[in-house]
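S.K.: model this:
(one chain, ligands or ions: 1)
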Amino acid sequence: MHKPLRDVLDGKRQAVPPVWMMRQAGRYLPEYMAVRKTVGSVLDLCFTPKFAAEVTLQPIRRFGFDAAILFSDILVIPHALGRSVRFETGEGPKLEPLNDPGAMMALRGTADDAVLAPIYETIRLVKAELPAPVTFLGFCGAPWTVATYMVAGHGTPDQAPARLFAYRHPEAFARLIDVLVETSTNYLVRQLRAGVDAVQIFDTWAGILPPHEFQRWCIAPTRRIVAYVRRAVPGAKIIGFPRGAGSNLKRYVEDIEIDAVGLDWMVDLDFARDAIQRRRPVQGNLDPLALRAGGAALDRSVDAILESLAGGPFIFNLGHGILPDTPVAHVEQMLKRVRNYPGR
Ligand code: CP3
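M.R.: Model prediction:
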């Protein structure tokens, strides 16, 4: 069966670009909130296959997106490594900070498979219900981004705790990154074996690193994950999303054998077409705030992206996750605009 998004990952341009949204299962949807109310926390939702499958499918039923993304979270990996992870409403994630070099060197090296097993069950449930043309995406966080939360114990605007730690204790930090490379590889391989069609590696905090550190903590570990996953699952399809990478995007696509690269909303469209899309299919990059604003600003932003990128292999998406206060009608407006684009 023809899956338009999957075909773009094979380098084949589609006349109508396939479209999905990062964080498409989420709080802007009343049906998500209804399920969310019946479970305790985001982690409980991630580990309850019946509900996780339901919220994965909700945006497909409502909007007919070209991809479904598994409902889970990047922080299930630290949780499966035995670290304490909690989500508090309105406050974001809280982890037990890992900021002692000795404790880092002693970190348990493998994730507890039993903890992650419900996620693979969710994949089987979704797979059984997903319309054939819809591409099913799994994901993980990139080691650097997951490490920023593990070191600080919470989100920060500049990731100063992880950056400082990596400068002061590069060996201990490299050990943490190695553990995350190994566990993320196993996690993605098991997702692929359970039935996802492709996976995305979210490096939300890639853009905060200076070039040398970007090479060491973003590119090198991601490159290893891609190589190890393909060793276990030949031909595995992988999308990289190094948010904020800017001019480092060129090196990212030169050095990593990904099948497509996700662009955040700050990426210049001419640069995206000329320097990036020449090398790899691209995905992106509507400003989530343009989607929230709606109206003429939304139409204008969608058109500019399509004019620059729809001439090559391209997946329409946001430049980062949808914001909770985004009206559903704006998502419909965006979809109509993309699907009626006359640039065939
Ligand atoms: O629809 C989807 O995209 C699938 C589900 C998904 C979630 N988290 C569920 C979730 C995905 C792909 C993620 C990835 C994720 N999680 C990232 C990388 C992508 C990005 O957006 O940058 C990061 C950095 C996290 C860590 C995380 N999880 C944070 C910082 C928060 C709190 C902030 C917030 O938005 O509330 C979460 C919680 C979370 N994970 C929610 C969802 C839908 C929202 C909380 C809720 O429903 O109560």
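S.K.: pLDDT averaged over stretch 115-135, what's the number?
M.R.: Stretch 115-135 comes out with an average pLDDT of 98.
S.K.: How about stretch 138-148?
M.R.: In this model, stretch 138-148 has an average pLDDT of 98.
S.K.: do stretch 85-103 as well
M.R.: For stretch 85-103, mean pLDDT is 92.
S.K.: From the rest of the structure, what touches it?
M.R.: Stretch 85-103 is touched from outside by 41-43, 73, 75-76, 78-79, 83-84, 104, 107, 149-155, 161, 165, 169, 171-172, 176, with contacts defined as CB atoms under 8 Å, 6 or more residues apart in numbering. Backbone N, C-alpha and C define where each C-beta goes, glycine included.
S.K.: mind listing the strands for the stretch 201-344 of the chain?
M.R.: Taking DSSP state E, counting those that start in this stretch, the strands of the stretch 201-344 of the chain run over residues 238-242, 260-262, 282-286, 314-318.
S.K.: what lines up beside the first one in the sheet?
M.R.: Sheet pairing for strand 238-242, assigned by DSSP bridges, gives strand 198-203 (parallel), strand 260-262 (parallel).
S.K.: which one of these lies closest to the ligand?
M.R.: Across those, the ligand has its closest neighbour in strand 198-203 (3.8 Å, CB to the nearest ligand atom).
S.K.: Does the closest one reach the ligand?
M.R.: Yes. Judged by CB under 6 Å from any ligand atom, strand 198-203 comes into contact with the ligand through residue 202.
S.K.: Run through the residues that contact residue 84.
M.R.: Contacts for residue 84 were tallied using CB under 8 Å, 6+ apart; they are 95-96.
S.K.: From residue 110, how far out is it?
M.R.: Distance of residue 84 to residue 110, computed by CB to CB, to the nearest Å: 18 Å.
S.K.: Could you do residue 176 as well?
M.R.: Per CB to CB, residue 176 is found 14 Å from residue 110.
S.K.: In a markdown table: the strands of the stretch 201-344 of the chain, plus mean neighbour count and mean pLDDT.
M.R.: Formatted as a markdown table, these follow (neighbours: other CB atoms under 10 Å; pLDDT from 0 to 100):
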| stretch | mean neighbour count | mean pLDDT |
| --- | --- | --- |
| strand 238-242 | 27 | 98 |
| strand 260-262 | 26 | 98 |
| strand 282-286 | 26 | 98 |
| strand 314-318 | 26 | 98 |
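S.K.: want to throw those strands into CSV with distance to residue 332?
M.R.: Converted to CSV, the strands of the stretch 201-344 of the chain look like this (distance: least, CB to CB, whole Å):
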stretch, distance to residue 332
strand 238-242, 25
strand 260-262, 23
strand 282-286, 14
strand 314-318, 14
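S.K.: Tell me if I'm right that residue 253 and residue 282 touch.
M.R.: No. With contact defined as CB atoms under 8 Å, residue 253 does not reach residue 282; the gap is 9.1 Å.
S.K.: Distance from the chain centre to stretch 294-308, please.
M.R.: 23 Å (CA atoms, centre = their mean, to the nearest Å).
S.K.: what does stretch 106-116 give?
M.R.: 22 Å.
S.K.: end-to-end on it?
M.R.: Stretch 106-116 has an end-to-end distance of 22 Å (CA to CA, to the nearest Å).
S.K.: helix or strand for the closest residue to residue 110 other than its chain neighbours, which one?
M.R.: Excluding its sequence neighbours, the residue lying closest to residue 110 (CB to CB, 6 or more residues apart in numbering) is residue 183, at 6.6 Å. Using DSSP states H and E, the element containing residue 183 is helix 170-194.
S.K.: so how far is residue 171 from the residue of the chain most remote from its centre?
M.R.: Computed with CA atoms, centre = their mean, the residue of the chain farthest from its C-alpha average is residue 102, at 30.8 Å. Noted for residue 102: a distance of 11 Å to residue 171, by CB to CB.
S.K.: Can you give me the buried ones in the helix or strand of the chain with the lowest mean pLDDT?
M.R.: One helix or strand of the chain scores below all others by mean pLDDT, DSSP states H and E: strand 85-88, with a mean of 92. Judged by neighbour count using 16 or more other CB atoms under 10 Å, the buried positions of strand 85-88 are 85, 87.
S.K.: Ok, stretch 120-128 next?
M.R.: For stretch 120-128, burial by neighbour count (16+ other CB under 10 Å) applies to 120-123, 125-126.
S.K.: Next step: the residues you listed restricted to strands.
M.R.: Assignment to strands by DSSP state E places none of those there.
S.K.: Next, work out how far apart the closest residue to residue 161 other than its chain neighbours and residue 195 are.
M.R.: The spatial neighbour of residue 161 that comes closest, neighbours along the chain excluded (CB to CB, 6+ apart), is residue 152 at 3.9 Å. For residue 152, the distance to residue 195 (CB to CB) stands at 34 Å.
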